[in-house]
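Asker: My questions concern the predicted model and sequence given below.
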Amino acid sequence: MPTIVPFDAVPPALHEQLLDAAFGADRTSRTAYRIREGLDRLAGLSFAALDDEEFLAGTIELWPVSLTDEDGRQYPLLMVGPVAVAPSRQNEGYGRALMAAALGAVEGMASDDAPALPQVLIGDPEYYGKWDFTAAPTAEWDTPGPVEQHRLLVRCANPAILPRRGMLGPWRQGDDRAEDQPQPRT
């Protein structure tokens with residue numbers, strides 16, 4: 001049974017080793033890294049999974065990103081990922097437990113006055129569909145690098161609030177074009 005702990009409870013070197021094992025040493029050249037470039041993960045929404053012997057088995061990180069529409073308005077989103085599970089521990093429920101922890105924390109921050117921010121990720125639609133992630137609203141979204149459009153997924157209570165077209169990138173707090181936009185909650 002996975003034990004879920006805060007991401008920062010595990011030494012950074014172990015996280016890096018896990019990410020290299022799960023995604024390869026060239027992982028930082030991927031588009032997802034460019035979308036969240038220069039950002040700090042959201043500590044309260046990022047977790048690690050430990051196995052029964054307290055070894056690191058998986059991690060999940062969430063980041064404050066935005067979708068900038070054609071008029072320069074930013075729409076805050078939470079980027080989910082990487083979701084990494086050690087190759088030797090895959091298909092044992094660690095990924096599901098990490099997703100449940102992170103999405104549960106996101107939903108726990110929501111209220112009637114402030115619903116949860118939409119969540120975006122790049123991943124397998126069949127796997128992430130079980131958490132209501134879909135590619136339908138993202139068909140005309142751009143990214144700062146190549147992406148298979150069917151793998152660009154979003155989860156949102158009301159996708160109609162999102163612009164049809166836009167560019168994904170880091171949330172730039174203090175950007176004068178974004179001053180009237182809601183701020184991501186951490």
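Answerer: The structure has been received and is ready for your questions.

Asker: check contacts around Asp142.
Answerer: Each residue near Asp142 by Cβ atoms under 8 Å, 6 or more residues apart in numbering is listed here: 165-168. Using the backbone N, CA and C atoms, a C-beta is placed for each residue, glycine as well.

Asker: ditto for His15
Answerer: So His15 contacts 7, 48, 56, 59 (Cβ under 8 Å, 6+ apart).

Asker: Please indicate which of the contacts of Asp142 are buried?
Answerer: 166-168 (16 or more other Cβ atoms under 10 Å).

Asker: which one's the longest helix in this protein?
Answerer: helix 94-109 (DSSP state H).

Asker: could you dump that helix to CSV, C-alpha only?
Answerer: The C-alpha trace of helix 94-109 is given here as CSV (Å, rounded to 0.1, in the frame of the first residue of the first chain):
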residue,chain,number,x,y,z
TYR,A,94,1.3,4.1,-7.1
GLY,A,95,0.2,6.3,-10.0
ARG,A,96,-3.5,6.1,-9.1
ALA,A,97,-2.7,6.9,-5.4
LEU,A,98,-0.6,9.9,-6.5
MET,A,99,-3.3,11.2,-8.8
ALA,A,100,-5.9,10.8,-6.0
ALA,A,101,-3.8,12.7,-3.6
ALA,A,102,-3.0,15.6,-5.9
LEU,A,103,-6.5,15.9,-7.4
GLY,A,104,-8.0,15.5,-3.9
ALA,A,105,-5.8,18.4,-2.7
VAL,A,106,-6.9,20.5,-5.7
GLU,A,107,-10.6,19.8,-5.0
GLY,A,108,-10.0,20.4,-1.3
MET,A,109,-9.0,24.0,-2.1
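
Asker: tell me what it is packed against?
Answerer: Judged by 3 or more Cβ pairs under 8 Å, 6 or more residues apart in numbering; DSSP states H and E, helix 94-109 is in contact with strand 3-6, strand 47-50, strand 56-68, strand 74-85.

Asker: List the buried residues of that helix.
Answerer: 94-103, 105-106.
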